[in-house]
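A.B. asks: all I have is the shape, not the residue letters:
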Ligand code: SD4
């Protein structure tokens, strides 16, 4: 369901929690992998209502695949989805009309790879994984990242769809650059998964803020900001105004808070509160965090109502509305 529609239809209470089972029949929740009663894994969760992405990740996990493959293949579903105008192909361009993509991936060993300001490549997360596995580096950007992708066999494609081009041309008439993302204007996918062995991985991928200044990079490809995984503790990922997430190193902060004993829910709440403490007079922006701990417990928190996350495990496939700092 489109988020705008979700907001309209939602009967979210201030308590903020009710579960919407995804279309999937209960058959999809089959029993190849059985968690013990104290744990809830395998599991995949992702920002927003991307049920096709979590379904793909679950397919990998349920076939005894590892969490790294699950998160990569899961977020690739949205990278290829031309109707998602904040990720991959079909993403909204910067103010000059260039679609520039940011992504990162992190595994159970703490290995990580990232690309930023990458153009003309459909799956930045896959390039990020190549950076992680086939180079001594963590992050490649711009032309260097693009060249690297071609060397690894990725094809050059036009990321700007007619729909995004039309909207950009319309925007150009006024060229009103608003660095604040409207809360209706972002759908970055960050995904966290635990496989049958209890190992955690994460991935995050985006085209960033619509009509951003050329060269701008947000939190999504920054390890610690848009994504962080510590296989001993848990993982977190973010969506929303990247500048604010970077300022608090949001995902790292949340994992560290879990290390100190907070639940994923408590840690996400504290992460948002830290951001709001630095923005006393500014509330017109959205950020959503999701987190998972080693047991497969999950949590989320956001600034404004409307953020949801998907969860797929033996317990079912749900779209879970997040509680928020600002109540409706
Ligand atoms: C960014 N965090 O580039 C991303 C934007 C986002 O959904 O989350 N969009 O700042």
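C.D. replies: Yep, that arrived. Since the structure is predicted, the reported quantities are computational estimates derived from the model, not experimental observations. Residues are numbered from 1 along each chain as shown.
A.B. asks: what number of residues lie near residue 57?
C.D. replies: Using other Cβ atoms under 10 Å, residue 57 has 33 other residues around it. (C-beta placed from N, C-alpha, C; glycine too.)
A.B. asks: would you say it is within a helix?
C.D. replies: Yes - secondary structure of residue 57 (DSSP: H, G, I helix; E, B strand; the rest coil): part of a helix.
A.B. asks: which ones are touching it?
C.D. replies: Contact partners of residue 57, counting by Cβ atoms under 8 Å, 6 or more residues apart in numbering, are 44, 46, 70, 71, 73, 74, 191, 193, 312.
A.B. asks: in three-state terms, label residue 201 for me.
C.D. replies: Assigned with three-state DSSP, residue 201 falls in the strand class.
A.B. asks: surely it meets residue 74?
C.D. replies: No - using Cβ atoms under 8 Å as the test, residue 201 is too far from residue 74 to be in contact (10.2 Å).
A.B. asks: who wins for neighbours among the contacts of residue 57?
C.D. replies: Counting by other Cβ under 10 Å, top hit in the contacts of residue 57: residue 71 with 38 neighbours.
A.B. asks: read off the pLDDT value for that one.
C.D. replies: Looking at residue 71, its pLDDT reads 98.
A.B. asks: tally of neighbours for the closest residue to it other than its chain neighbours?
C.D. replies: Residue nearest to residue 71 in three dimensions, not counting chain neighbours: residue 203, with 4.0 Å by Cβ to Cβ, 6 or more residues apart in numbering. Residue 203 sits with 35 neighbouring residues when counted by other Cβ under 10 Å.
A.B. asks: let's see the pLDDT reported for residue 203.
C.D. replies: Note on residue 203: pLDDT of 98.
A.B. asks: quick one, what contacts it?
C.D. replies: 71-72, 74-75, 103-106, 125, 128, 190-191, 227.
A.B. asks: which one of the contacts of residue 57 is nearest the ligand?
C.D. replies: Nearest to the ligand, judged by Cβ to the nearest ligand atom, of these is residue 46 at 11.9 Å.
A.B. asks: ok so, going back, may I ask which two of the contacts of residue 57 are separated the most?
C.D. replies: Comparing all pairs in the contacts of residue 57 by Cβ to Cβ, the longest separation belongs to 73 and 312, at 12.9 Å.
A.B. asks: ok, which stretches of the stretch 101-250 of the chain are strands?
C.D. replies: 101-106, 112-118, 139-141, 189-194, 200-206, 227-230, 234-240 (DSSP state E, counting those that start in this stretch).
A.B. asks: what comes up buried for stretch 153-162?
C.D. replies: Residues of stretch 153-162 classed as buried by neighbour count (16 or more other Cβ atoms under 10 Å): 154, 159, 160, 161.
A.B. asks: these two touch, right, the first one and residue 128?
C.D. replies: I take that to be residue 154. No - using Cβ under 8 Å, residue 154 is not in contact with residue 128; the gap is 11.6 Å.
A.B. asks: low pLDDT regions in the stretch 151-300 of the chain?
C.D. replies: Applying pLDDT under 70 to the stretch 151-300 of the chain flags the ranges 177-186.
A.B. asks: if we use 80, what do you get?
C.D. replies: The stretch 151-300 of the chain contains residues with pLDDT under 80 at 176-186.
A.B. asks: burial count for residue 134?
C.D. replies: Neighbours of residue 134 (other Cβ under 10 Å): 12.
A.B. asks: state the distance from residue 81 to residue 125.
C.D. replies: For residue 81, the distance to residue 125 equals 13 Å [Cβ to Cβ, to the nearest Å].
A.B. asks: when these two are compared, which one has more neighbours?
C.D. replies: residue 125 (31 against 18).
A.B. asks: what residues does the chain have near the ligand?
C.D. replies: 86, 186-188, 206, 208-209, 218-220, 239-242 (Cβ under 6 Å from any ligand atom).
A.B. asks: make JSON lines from these and add neighbour count and distance to residue 55 to it.
C.D. replies: Output for these, formatted as JSON lines (neighbours: other Cβ atoms under 10 Å; distance: Cβ to Cβ, whole Å):
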{"residue": "86", "neighbour count": "23", "distance to residue 55": "20"}
{"residue": "186", "neighbour count": "29", "distance to residue 55": "22"}
{"residue": "187", "neighbour count": "22", "distance to residue 55": "17"}
{"residue": "188", "neighbour count": "32", "distance to residue 55": "19"}
{"residue": "206", "neighbour count": "32", "distance to residue 55": "21"}
{"residue": "208", "neighbour count": "28", "distance to residue 55": "26"}
{"residue": "209", "neighbour count": "24", "distance to residue 55": "28"}
{"residue": "218", "neighbour count": "26", "distance to residue 55": "27"}
{"residue": "219", "neighbour count": "32", "distance to residue 55": "26"}
{"residue": "220", "neighbour count": "32", "distance to residue 55": "22"}
{"residue": "239", "neighbour count": "29", "distance to residue 55": "19"}
{"residue": "240", "neighbour count": "28", "distance to residue 55": "24"}
{"residue": "241", "neighbour count": "25", "distance to residue 55": "29"}
{"residue": "242", "neighbour count": "28", "distance to residue 55": "27"}
